[in-house]
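Trainee: Sequence first, then the predicted structure:
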Amino acid sequence: SYPRQLEEVLNELGAPRRFIVVNKGIPGTNTGVIANRLESWLDDCRPDAVVAMIGVNDGGEMMVAPLEEEGGAGERFLKNLRLYKLFTLIREGARRRDGGADGFPEVDAETAGLVRATEQNPRDAAAFLQLGDALFRRERFERAAGAYGRAGELEPSPDAFFGLGVALHRSAAYPAALSAFRRCLDLDPNHDRAWTESGRCLLDKFPKDRTKAKEMFARALEANPRNDMALAGMAYCLWKKKAYREAIDYAERAVAENPRNEWAYGTIRSCCKKMGDYPAALRACERAIAAVPLNNWAYAAAAGLSSKLGDSPRAKEYWKRAREIGLAASKPATRRNYRRIREILNRRKVRLVAMQYPLRPVEPLRRLLSPPGGEIYVSNEESFRAALRGSSPKALFKDSFGGDFGHCTPEGNRLIAENLARILLAEVFPAR
């Protein structure tokens, strides 16, 4: 990893001083999770500086901070009054017209109107349900959970507990989400979407154990054989079991039901690639692009497959498009959470080092945090471009998960570590 190599480089270049680098990176983590855990991490580690290279996992279904994590948390969440406390945050946010202390801007007119409706009739479950939907659409998942939970307390219904489960899942609160889905299914055993979301939640919580998730998808298909996400979930589980032909059959059924199902296209591409059928894998990517034009992963995967098939001009065009989409993909929640991280660090007098991903220009990151607040920026664009002029992308990247970049090899991580170490020693830890 680059943090381990960073410690080595810092101690080589910064001797006789001694540096310790603590790696708090969690695969797949989004900016909301990081912002919510930051205070406790700072208490544990008491660092002089924090390096953040974050944001790419905020794509797609953006998540925010987990509310509960340990065993039994789901039942505790549903039984205690944290749901009401979350609703209180919503109400206070609606009243503050200039943004609150938590760093969130004022709510929109629709949400404020729904909050007023719930204040006028605090026992109107339907109004809370509508409020949850409005907050969910705006990616305020933690607050949406509060509204859905209040609706479920007032009038238990499948819709309320399903909404609560999805909002908690997006918040990475997996035990609480699964508990909410169970409540939904207790009320409606044929709620195919609740079975499906339970499966997806289990895949996120237990990525290496797909048995239970597959059972959930099967139950969803019993209730509704046309549920495209359940079909895609089955396809994914079968791909992981190396049952490639069967996985493709399920994925094709998914896209027949919903031509915009990116998960299914991705599974078809992966299966075809594993079977060595690169033209078919490329066709899957192109079908995904046709269905969802702003599809970063599909362009990146198509670029890699085109290169493998010897079509360099086509590969370059796909890489260019993947890069353009990636640079434009910053979401409001990313901006909100990144600024919250900076606010916490500034209050604790810890220097923020905002590092951009390999090959991406640093200017979008500057715009994300504008106006500046004392942070240091690190670019990994030119160093990687220079390295790629003399080597294959495979030497630096294991994959292309980010579209225009991927998870780094040890060599790629070394490049990040050396680049970052030079800037840290010059601007954060200058020799005296």
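Mentor: Structure's in. What do you need?
Trainee: need the helices for the stretch 101-250 of the chain, in chain order.
Mentor: With DSSP state H, counting those that start in this stretch as the criterion, the stretch 101-250 of the chain has helices at 109-120, 125-137, 141-154, 158-170, 174-187, 192-205, 211-223, 228-240, 244-257.
Trainee: relative orientation of the shortest one and helix 125-137 in degrees?
Mentor: Read that as helix 109-120. Inter-element angle recorded for helix 109-120 and helix 125-137: 150 degrees (by axes from the mean of the first three to the mean of the last three Cα atoms, to 10 degrees).
Trainee: Show me which residues of helix 109-120 are buried.
Mentor: Neighbour-count burial for helix 109-120, counted by 16 or more other Cβ atoms under 10 Å, picks out 111-112, 114-115, 117-118. Just so you know, the C-beta spots here come from the backbone N, C-alpha and C atoms, and that holds for glycine as well.
Trainee: ok, back up a step: got CSV for the helices of the stretch 101-250 of the chain, with distance to Ala35 too?
Mentor: Below are these laid out as CSV (distance: least, Cβ to Cβ, whole Å):
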stretch, distance to Ala35
helix 109-120, 21
helix 125-137, 18
helix 141-154, 11
helix 158-170, 15
helix 174-187, 18
helix 192-205, 19
helix 211-223, 28
helix 228-240, 28
helix 244-257, 34
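Trainee: Quick one: those as JSON lines, columns for distance to Ala284 and mean pLDDT too.
Mentor: Formatted as JSON lines, these follow (distance: least, Cβ to Cβ, whole Å; pLDDT from 0 to 100):
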{"stretch": "helix 109-120", "distance to Ala284": "39", "mean pLDDT": "86"}
{"stretch": "helix 125-137", "distance to Ala284": "30", "mean pLDDT": "92"}
{"stretch": "helix 141-154", "distance to Ala284": "31", "mean pLDDT": "90"}
{"stretch": "helix 158-170", "distance to Ala284": "27", "mean pLDDT": "94"}
{"stretch": "helix 174-187", "distance to Ala284": "30", "mean pLDDT": "95"}
{"stretch": "helix 192-205", "distance to Ala284": "21", "mean pLDDT": "94"}
{"stretch": "helix 211-223", "distance to Ala284": "21", "mean pLDDT": "97"}
{"stretch": "helix 228-240", "distance to Ala284": "12", "mean pLDDT": "97"}
{"stretch": "helix 244-257", "distance to Ala284": "9", "mean pLDDT": "98"}
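Trainee: Nearest to Tyr318 among those helices would be which one?
Mentor: Smallest distance to Tyr318 across these (Cβ to Cβ): 20.5 Å, for helix 244-257.
Trainee: got the angle between the next helix-or-strand element following the closest one and helix 228-240?
Mentor: As assigned by DSSP states H and E, the chain's next helix or strand after helix 244-257 is helix 262-274. Following the same axes, to 10 degrees, one obtains 20 degrees for the angle between helix 262-274 and helix 228-240.
Trainee: Now helix 262-274: buried residues?
Mentor: The neighbour-count check on helix 262-274 (16+ other Cβ under 10 Å) flags 262-273 as buried.
Trainee: Figure out how far that helix is from the centre of its chain.
Mentor: On the basis of Cα atoms, centre = their mean, to the nearest Å, helix 262-274 sits 20 Å off its chain's mean C-alpha point.
Trainee: and it with helix 244-257, angle?
Mentor: If you take the same axes, to 10 degrees, helix 262-274 sits at 150 degrees to helix 244-257.
Trainee: and the helix or strand that comes right after helix 262-274, what other elements does it pack with?
Mentor: Going down the chain from helix 262-274, the next helix or strand is helix 278-291, by DSSP H and E. Packed against helix 278-291 by the contact rule (3 or more Cβ pairs under 8 Å, 6 or more residues apart in numbering; DSSP states H and E) you find helix 262-274, helix 296-308.
Trainee: Now render these as a markdown table, adding distance to Ser198 and mean pLDDT.
Mentor: A markdown table is the format used below for the helices and strands packed on helix 278-291 (distance: least, Cβ to Cβ, whole Å; pLDDT from 0 to 100):
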| stretch | distance to Ser198 | mean pLDDT |
| --- | --- | --- |
| helix 262-274 | 16 | 95 |
| helix 296-308 | 25 | 86 |
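Trainee: Leu359: which of those helices is closest?
Mentor: Nearest to Leu359, of those and by Cβ to Cβ, is helix 296-308 at 11.5 Å.
Trainee: For whatever helix or strand comes next after the closest one, which residues meet the burial criterion?
Mentor: Next along the chain after helix 296-308, taking DSSP H and E as the criterion, comes helix 312-327. By 16+ other Cβ under 10 Å, the buried positions in helix 312-327 come out as 314-315, 318-319, 321-323, 325-326.
Trainee: what's the answer for stretch 199-207, then?
Mentor: Here stretch 199-207 shows 199-203, 205 as buried, counting by 16+ other Cβ under 10 Å.
Trainee: so which of those residues comes closest to Ala127?
Mentor: Cys201 (27.1 Å).
Trainee: Tell me the spacing between the closest one and Gln120.
Mentor: Going from Cys201 to Gln120 by Cβ to Cβ, to the nearest Å gives 35 Å.
Trainee: go on, Asn227?
Mentor: Separation of Asn227 from Gln120 (Cβ to Cβ): 38 Å.
Trainee: Can you give me the neighbour number for the residue lying closest to Ala125 once chain neighbours are set aside?
Mentor: Counting by Cβ to Cβ, 6 or more residues apart in numbering, Glu155 is the residue found nearest to Ala125 once chain neighbours are left out, at 3.6 Å. For Glu155, the neighbour count with other Cβ atoms under 10 Å is 15.
Trainee: got it, and Ser383?
Mentor: Neighbours of Ser383 (other Cβ under 10 Å): 16.
Trainee: which ones are touching it?
Mentor: 415, 419 (Cβ atoms under 8 Å, 6 or more residues apart in numbering).
Trainee: before we move on, what about Phe397?
Mentor: Neighbouring residues of Phe397 by Cβ under 8 Å, 6+ apart: 358, 405-409, 412.
Trainee: if you set the cut-off to 7 Å instead, what comes out?
Mentor: Listed by Cβ atoms under 7 Å, 6 or more residues apart in numbering, the contact set of Phe397 reads 405-409, 412.
Trainee: any idea how far Ala354 is from it?
Mentor: Relative to Ala354, Phe397 is positioned 22 Å away (criterion: Cβ to Cβ).
Trainee: what stretches of the stretch 1-150 of the chain score poorly on pLDDT?
Mentor: Across the stretch 1-150 of the chain, the ranges flagged by pLDDT under 70 are 26-28, 58-107.
Trainee: Run through the strands of it in chain order.
Mentor: In the stretch 1-150 of the chain, the strands defined using DSSP state E, counting those that start in this stretch lie at 49-52.
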